[in-house]
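Predicted model, plus sequence, below.
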Amino acid sequence: DALQYSGHPAYRAAIFRRKESEQSDMIGRYRRRFSTWPKRDEPNWNGEERTFRFPSGAEVSFLSCPNDTDVWKYQGREFHFIGIDQVEQWPEWVYQALIMNCRSSIRDIRVRKHSNSNPWGPHLSWVKKTFIDPIRHGTQKPGNPWPVYVEKRDGSVQFSHNKCVHWTSWSDNDILIANDPNYSARLLANPDPRMRKAYYEGDYDAGYGAFFPEWDARVHVIDPIPIEQMKGWPLFLSIDWGFGAPCSTIGYRYDPQDRRIYAAWEIYVREKTMPELAALIVDQCRAGGVTPQFLVGGHDMWKRESNARTLADQLKAELWKLDYPIRMKMGAEHRSVKWARVHAALDWKYTEDEHGFLVTKQPRAKFFRTCNNAIRTIPALVASDHDPEDIPRHLEDHAADSFGLAMCASLDWWITTPQRGSVSFGVT
């Protein structure tokens, strides 16, 4: 609560919305709340400064950042409480710049940062990654605080703060239900199935502006298929190289009978040298007992600088050193081509009735539940404001890039299996 230290003369709190005009409802709620207080405790409202000033000297201000660069107006300020309303409307860097001002030079005032969001908004991807995924993927529980630690330059670890996520839905709002009993029916009446899924079910995968709107975890994510059941299914790999940024390597199994591709495992790492990456790939392949038919890499892996070996040559050499040669293929260069193949691979059809939805066409590609980073990042990607056919380069698109390379290659290559001879596979 922003009012926790309202009796302290030095206390300063700030509640942010993107636009000043969006704050009138919240200010009105605070006014009504204060009207029930004893007159001696009631704060004065300064409309010009948009601040409630308490008899103690404490202040609660209602501030805004209609433009991203407005965040610098608050640089150097000290706020003991920062609340950010509808955080899904804020770019991540603006959010991070704001909360840097949440600090306390007063020992007996504890700093707090509160945010809220809906599962529908232009900057949902980072909100989902930061707050929702730890809950969705089972590492943390709603309502239970967990500690966040940071590694210092000397290698030691220091406690930073506690994080806690409360996950609620319209059904938890007793006042709303009592006063507007038809609200849930209006949510269900929304003609946009993704918006309906987001607001009624609270599904952060529904995806406002999702670049891959086909994605539905109920359809595309499955439990791993037992190894013995995949006997005879070819294995192939894709890699989106990165060192400072994540390097995404995905292993796929192909079912020749259903002509379906399964992303079976992933290696998602940073700052791994080529020998280290090669060792991880070999260990993963050997653990599954299947030799990959080929590996498709990003176009940049074949880029040559002077007389230096390409990244593809380096990886190939390291695999040879481990007595594990793999055929390598240069992947598609243009992102639009990869994204088109991903759309096709994820496409599925369904019908709805009073009992729910029935899948009438399965997607050509699915993901085992163990591919955590692909499952986390692919549905969170959004279209660029400048190019609706592409993904902004600053987003975490490494798994999607790797998957796109595989979907392009799988249309062009042939795999030979002992049981079936030559079989084509891919998205058709």
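That came in fine, so what should we check first?

Helices of the stretch 51-200 of the chain, start to end?
Listed in chain order, the helices of the stretch 51-200 of the chain (DSSP state H, counting those that start in this stretch) span 92-99, 124-127, 133-136, 174-179, 183-188, 193-201.

okay, now the nearest residue to Lys349 once chain neighbours are set aside: neighbour count?
Distance criterion CB to CB, 6 or more residues apart in numbering; nearest residue to Lys349, sequence neighbours excluded, is Lys361 at 3.8 Å. Every C-beta, even on glycine, is put in place using the N, C-alpha and C of the backbone. Lys361 has 9 neighbouring residues, counting by other CB atoms under 10 Å.

Against Ser184, how distant is Asn67?
Remark: distance between Asn67 and Ser184 (CB to CB, to the nearest Å) = 36 Å.

Compare the two (neighbour count), which wins?
Each of Asn67 and Ser184 has its neighbours counted (other CB under 10 Å); Ser184 has more, 16 against 9.

which residue packs closest to the more buried one, ignoring adjacent ones?
Spatial nearest neighbour of Ser184, excluding adjacent residues (CB to CB, 6+ apart): Trp170 at 6.2 Å.

show me what contacts that neighbour?
Contact partners of Trp170, counting by CB atoms under 8 Å, 6 or more residues apart in numbering, are 176-177, 183-184, 187, 199-200.

Tell me the pLDDT of it.
Looking at Trp170, its pLDDT stands at 85.

ranges for the strands of the stretch 251-400 of the chain?
260-269, 295-297, 328-330, 349-353, 356-361, 365-368 (DSSP state E, counting those that start in this stretch).

Take those strands and write them to JSON lines, including mean pLDDT and distance to Met230.
Below are the strands of the stretch 251-400 of the chain laid out as JSON lines (pLDDT from 0 to 100; distance: least, CB to CB, whole Å):
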{"stretch": "strand 260-269", "mean pLDDT": "96", "distance to Met230": "8"}
{"stretch": "strand 295-297", "mean pLDDT": "95", "distance to Met230": "19"}
{"stretch": "strand 328-330", "mean pLDDT": "92", "distance to Met230": "23"}
{"stretch": "strand 349-353", "mean pLDDT": "78", "distance to Met230": "26"}
{"stretch": "strand 356-361", "mean pLDDT": "81", "distance to Met230": "22"}
{"stretch": "strand 365-368", "mean pLDDT": "97", "distance to Met230": "11"}
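
And the ones you listed: which comes nearest Asp240?
Nearest of the strands of the stretch 251-400 of the chain to Asp240, taken as CB to CB: strand 295-297 at 8.0 Å.

what packs against that closest one?
Judged by 3 or more CB pairs under 8 Å, 6 or more residues apart in numbering; DSSP states H and E, strand 295-297 is in contact with strand 235-240, helix 311-321, strand 328-330, helix 398-412.

Which one of those lies nearest to Asn116?
Proximity to Asn116 (CB to CB) singles out helix 398-412 among these, at 28.3 Å.

buried ones in stretch 292-305?
Buried residues in stretch 292-305, defined by neighbour count with 16 or more other CB atoms under 10 Å: 292-298, 301-302.

isn't Pro9 right next to Ser56, touching?
Yes: with contact defined as CB atoms under 8 Å, Pro9 counts as touching Ser56 (5.2 Å).
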